[in-house]
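> Got a predicted structure here, sequence first:
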Protein chains: 2
Amino acid sequence: MRVLVNISYQGSQFLGFQIQQNGRTVQQQFEKILKRMHKHDVRIHPSSRTDRGVHAIEQYFHFDTELDIPEQQWQYAMNRALPGDIYVNHVSFVSDDFHCRYDCVGKSYRYKIYQSKHKDPFLNGLKTHIAETLDIDKMNTAARYFIGTHDFTGFCSQKTEVVSKVRTLYESRIEKTENGFDYIVTGSGFLYNMVRVLIAFLIEVGKGKRQPEEIPKLLEDKDRNKVPFTAPAEGLYLEKIYLTPSELTTDFGNDIKLHRKKSI
Amino acid sequence: MRVLVNISYQGSQFLGFQIQQNGRTVQQQFEKILKRMHKHDVRIHPSSRTDRGVHAIEQYFHFDTELDIPEQQWQYAMNRALPGDIYVNHVSFVSDDFHCRYDCVGKSYRYKIYQSKHKDPFLNGLKTHIAETLDIDKMNTAARYFIGTHDFTGFCSQKTEVVSKVRTLYESRIEKTENGFDYIVTGSGFLYNMVRVLIAFLIEVGKGKRQPEEIPKLLEDKDRNKVPFTAPAEGLYLEKIYLTPSELTTDFGNDIKLHRKKSI
């Protein structure tokens, strides 16, 4: 039986999703509980690996089990054993050929920024602080340049180990909030550190140090040295995982270009 | 020169205010910085010691220095060296006979509760979760019984080591919020765990398990065994420190009973 689990977590106190030799990770918290329940190791497979300090409003993972436990009971059992910074929102059974990573056709991220003269210790780890005034309209203009299918080599970590750095973004926009703004970006997939590099560039635009019109050339140049900053992890939230193409076309229209990992 | 420092902190990752042999405390963070600046140990004296996991929207401490540094520069130097979960809001010079603890004539606490079927990992450590529906009006009626001068022996930790357990509360009320409510309480002083015992009792009233009318008898009985619960630290915020009687009379009127530690 394959079990699909929808979770949220506050990432501040985790070294990331993926299990590590030493240190507290989201995967480690779940595999510890599942091992206790199964009396043997159980591996979980997430839709997305989040880095140290990154949060998830919605994340999925799946695992296989021989235990005969109803869906709601799985949710209850895991929540009872989990620490307060992780929560299981929903559990469902899926077919054995479903795979959280390969069936993921898109993801949304939200990057949260608050603006004030003084830092707020209660937003520490939850939003990134910027003291300067930013030109939000200009940032929004710049954000739109990223929409579409591009080679994002110039906007990801140089440590990115994938062959193709072509990704399609369906949405890329700034949304004002009470004390600052969020950057919302949805795409077929994201390269290592890509969202944090995109928002760091947009902040430079907001400060007037870069111009929206530079973006087409920067995408073409594929040179990370021309886009030097990476915004901190604390403002980054994995917000939504698209597990079916129809979810994506509902949100962004039938004309969008889909990338299906399974068929590659 | 005596320096008065107004700070805020998010308490989740601290073992409390007071320095300990091992572990991260607010006092330790400041004394480490001050030692580096002075090249010798400097002791800080807070208005209030907060427990493990308790937050401070406003807290004060003072220390003595021989360094010739302007007020704003003190703020800047400390904030630059502090971790993100502590912030210095203001620094001022005070007379040598001023003392943060002995000049404190009152304090306000706020206890934050959110109500929902599901736990929210993003409120973990910041608000206390209650799934049940509560009768807020009844809680407010009960809260008002605590206002005035009472012996709070029945409503504090049995470990409280002070002689007199008589305290005056100027304010005790429930305030509705977007996702729950806050309990706000202001008094001349508070006994160990007192706010957490008061709110735990009010929650029992909200659930219909206790009645507001029981309170006068419970105060009279002075028996902690009759008030068995203590609410968790995570929802508790030290909100305001009153350092002069006039601040208190401005907020609560000239007729209030003042307790001045200095004259005791």
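Received, thanks. Numbers count the residues shown, from 1 in each chain, chains lettered A, B, ... in the order given.
> Please identify the buried residues of stretch A:211-229?
Using 16 or more other Cβ atoms under 10 Å in any protein chain shown as the test for burial, stretch A:211-229 gives A:212, A:214, A:215, A:218, A:219, A:224, A:227. Quick note: C-beta positions are derived from backbone N, CA and C, even for glycine.
> Return the member of those residues nearest to chain B.
residue A:227 (25.9 Å; Cβ to the nearest Cβ).
> wait, doesn't that closest one sit right on residue A:221?
No. Contact between residue A:227 and residue A:221 fails when scored by Cβ atoms under 8 Å: they sit 9.2 Å apart.
> Can you check which residues contact both of these two?
residue A:154 (Cβ atoms under 8 Å, 6 or more residues apart in numbering or on different chains).
> how about stretch A:178-193, does it get close to chain B?
No. Using Cβ under 8 Å from any Cβ of the partner chain, stretch A:178-193 stays clear of chain B, coming no nearer than 12.0 Å.
> likewise stretch A:122-132?
Yes. Judged by Cβ under 8 Å from any Cβ, stretch A:122-132 and chain B are in contact via A:122, A:124, A:125, A:126.
> can you pull the buried residues of that stretch?
A:122, A:123, A:124, A:125, A:126, A:127, A:128, A:129, A:130.
> likewise stretch A:33-46?
Quick answer for stretch A:33-46 (16+ other Cβ under 10 Å): A:33, A:34, A:42, A:44, A:46.
> Same check on stretch A:130-140?
A:130, A:134, A:136, A:138, A:139, A:140.
> Let me know the closest of the residues you listed to residue A:191.
residue A:139 (21.0 Å; Cβ to Cβ).
> I'd like to know how far residue A:53 sits from residue A:196.
11 Å (Cβ to Cβ, to the nearest Å).
> For residue A:180, name its beta-bridge partners.
residue A:114, residue A:177 (DSSP bridges).
> for it, what are its contacts?
So residue A:180 contacts A:112, A:113, A:114, A:115, A:116, A:127, A:130 (Cβ under 8 Å, 6+ apart).
> Tell me the pLDDT of residue A:263.
Per-residue pLDDT puts residue A:263 at 46.
> Tell me who's in contact with residue A:12.
A:53, A:55, A:85, A:125, A:126, A:234.
> Show me the two of those that sit farthest apart.
Farthest-apart pair in these is A:85 and A:234; separation 13.8 Å (Cβ to Cβ).
> Spit out the contact partners of the residue nearest to residue A:223 when sequence neighbours are not counted.
In this structure, residue A:223 finds its nearest non-sequential neighbour in residue A:154, 5.4 Å apart by Cβ to Cβ, 6 or more residues apart in numbering or on different chains. Shown in contact with residue A:154 (Cβ under 8 Å, 6+ apart): A:218, A:219, A:221, A:222, A:223, A:224, A:226, A:227.
> Hmm, the fourth one is touching residue A:156, no?
In this case it means residue A:222. No. With contacts counted by Cβ under 8 Å, residue A:222 stays clear of residue A:156, the gap being 10.1 Å.
> Give the intersection of the neighbour lists for these two.
Common neighbours of residue A:222 and residue A:156 (Cβ under 8 Å, 6+ apart) are residue A:165.
> Would you map the strands across the stretch 51-200 of chain A?
Using DSSP state E, counting those that start in this stretch, the strands of the stretch 51-200 of chain A run over residues A:55-64, A:86-94, A:106-115, A:128-130, A:148-151, A:166-177, A:180-187.
> tell me the average confidence for the last one?
Strand A:180-187 comes out with an average pLDDT of 98.
> and that strand with strand A:106-115, angle?
Strand A:180-187 runs at 170 degrees relative to strand A:106-115, counting by axes from the mean of the first three to the mean of the last three Cα atoms, to 10 degrees.
> Check the first one too.
For strand A:55-64 against strand A:106-115, the angle between stretch directions is 150 degrees (the same axes, to 10 degrees).
> who does strand A:55-64 touch, helix- and strand-wise?
For strand A:55-64, the helices and strands in contact under the criterion 3 or more Cβ pairs under 8 Å, 6 or more residues apart in numbering or on different chains; DSSP states H and E are strand A:2-9, helix A:26-38, strand A:45-46, strand A:236-242.
> rewinding a little: format the buried residues of stretch A:122-132 as a markdown table; extra columns: pLDDT.
Shown next, in a markdown table, are the buried residues of stretch A:122-132 (pLDDT from 0 to 100):
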| residue | pLDDT |
| --- | --- |
| A:122 | 97 |
| A:123 | 97 |
| A:124 | 97 |
| A:125 | 96 |
| A:126 | 97 |
| A:127 | 98 |
| A:128 | 98 |
| A:129 | 97 |
| A:130 | 97 |
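> biggest separation within these, which pair?
Going by Cβ to Cβ, the pair spanning the buried residues of stretch A:122-132 furthest: A:122 and A:130, at 16.7 Å.
> of all the residues in the stretch 1-150 of chain A, which ones are close to chain B?
Counting by Cβ under 8 Å from any Cβ, the stretch 1-150 of chain A sits next to chain B at A:8-10, A:13, A:55, A:79, A:83-87, A:89, A:118-122, A:124-126.
> of these, buried ones?
Buried members of these, counted by 16+ other Cβ under 10 Å: A:8-10, A:13, A:55, A:79, A:84-87, A:89, A:119-122, A:124-126.
> Distance-wise, check residue A:130 relative to residue B:124.
Residue A:130 is 25 Å from residue B:124, by Cβ to Cβ.
> Hmm, I typed the wrong one, I wanted residue A:258.
Residue A:258 is 36 Å from residue B:124, by Cβ to Cβ.
> same thing with residue A:149?
Distance of residue A:149 to residue B:124, computed by Cβ to Cβ: 39 Å.
> what bridges to the residue most central in space within chain A?
In chain A, the residue lying closest to the centroid (Cα atoms, centre = their mean) is residue A:238, at 3.2 Å. Beta-bridge partners for residue A:238, by DSSP bridges, are residue A:56, residue A:109.
> In contact with residue A:45, which residues?
By Cβ under 8 Å, 6+ apart, the neighbours of residue A:45 are A:61, A:62, A:63, A:99, A:100, A:101.
> quick one: low-confidence parts of the stretch 151-264 of chain A?
Where the stretch 151-264 of chain A drops to pLDDT under 70, the residues are A:260-264.
> from it, which residue is nearest to chain B?
Taking Cβ to the nearest Cβ, the stretch 151-264 of chain A has residue A:234 as its residue nearest chain B, at 8.3 Å.
> Am I right that that residue is in contact with residue A:126?
Yes. The criterion here is Cβ under 8 Å, and residue A:234 meets it with residue A:126 at 6.7 Å.
> quick one: residue A:120 and residue B:85 touch, right?
No. At 10.3 Å, residue A:120 does not count as touching residue B:85 under the criterion of Cβ under 8 Å.
> ok, back up a step: of the residues of stretch A:122-132 next to chain B, just say which sits nearest to residue B:205.
Nearest member of the residues of stretch A:122-132 next to chain B to residue B:205, counting by Cβ to Cβ, is residue A:122, at 28.6 Å.
> The nearest residue to the closest one once chain neighbours are set aside: what's it in contact with?
Residue nearest to residue A:122 in three dimensions, not counting chain neighbours: residue B:10, with 5.2 Å by Cβ to Cβ, 6+ apart. Listed by Cβ under 8 Å, 6+ apart, the contact partners of residue B:10 are A:121, A:122, A:124, B:55, B:85, B:86, B:125, B:126.
> just residue A:157 next, same as before
By Cβ under 8 Å, 6+ apart, residue A:157 lies in contact with A:191, A:192, A:193, A:194, A:197, A:224, A:230.
> Repeat the analysis, applying 6 Å as the threshold.
Residues near residue A:157 by Cβ atoms under 6 Å, 6 or more residues apart in numbering or on different chains: A:192, A:193.
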